[in-house]
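Asks: mind looking at a prediction? Sequence and model below.
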Amino acid sequence: MRAMRWLAPLLLSLSLLGASPASPQQAREGEVADFILIDKSERTLLVYQGADVIRTYRGLQFGDRPIGHKQFEGDERTPEGRYTITYGNQQSSYFLSLYIDYPNAADRSYAQARGRSPGGLIFIHGQPNGLPNDQRVPGDWTDGCIALTNAEIAELWSLVPDGTPIEIRA
């Protein structure tokens, strides 16, 4: 899957030729994420390669109710805990998306004990398709996912292989 991920960032890069120098870009030779840390309270996403932070994204957007751990389908919260990026989706309703393997066994058990569904389909993704690369939907608007700008998700997409661990903190 990662081998095919070069196409979307390449196309985005071509569309951003007139963008500012601070615009995100495709991964440099040898850059590969081996861990992602999201801090919900700081609204930051840190990409690690070994002990080094190789990218930082700020201003993350979450579900309509960003405080607290996702417990049930429809609660519009973003999960907290340790998960894995299992695959990338180019056919998303949003500009590129990286699937987070929520719910884990503990999430399923908690919801099941309360007769509820834990929900699922949690992604790190860009903005809705059709929105210009440098624009964002205002505020928190996802159903529990983590949203970046389209340019940021294109860069992240090029850095993150399937199987990358991710920790989401309060």
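Replies: Received, thanks.
Asks: which ones are touching Asp64?
Replies: Neighbouring residues of Asp64 by CB atoms under 8 Å, 6 or more residues apart in numbering: 76, 140-143. (Each C-beta comes from the backbone N, C-alpha and C, glycine too.)
Asks: and the furthest pair within these?
Replies: Spatial extent of the contacts of Asp64 (CB to CB) is set by the pair Asp140 and Asp143 at 10.4 Å.
Asks: overlap in contacts of these two?
Replies: Common neighbours of Asp140 and Asp143 (CB under 8 Å, 6+ apart) are 63-64.
Asks: mind checking the SS state of Ala154?
Replies: helix (DSSP: H, G, I helix; E, B strand; the rest coil).
Asks: quick one: secondary structure of Phe72?
Replies: coil.
Asks: nearest residue to the middle of this structure?
Replies: For the chain, Ile124 is the residue whose C-alpha lies nearest the centre (CA atoms, centre = their mean; 1.9 Å).
Asks: before we move on, the earlier item: got a winner among the contacts of Asp64 for most neighbours?
Replies: Thr142 (20 neighbours; other CB atoms under 10 Å).
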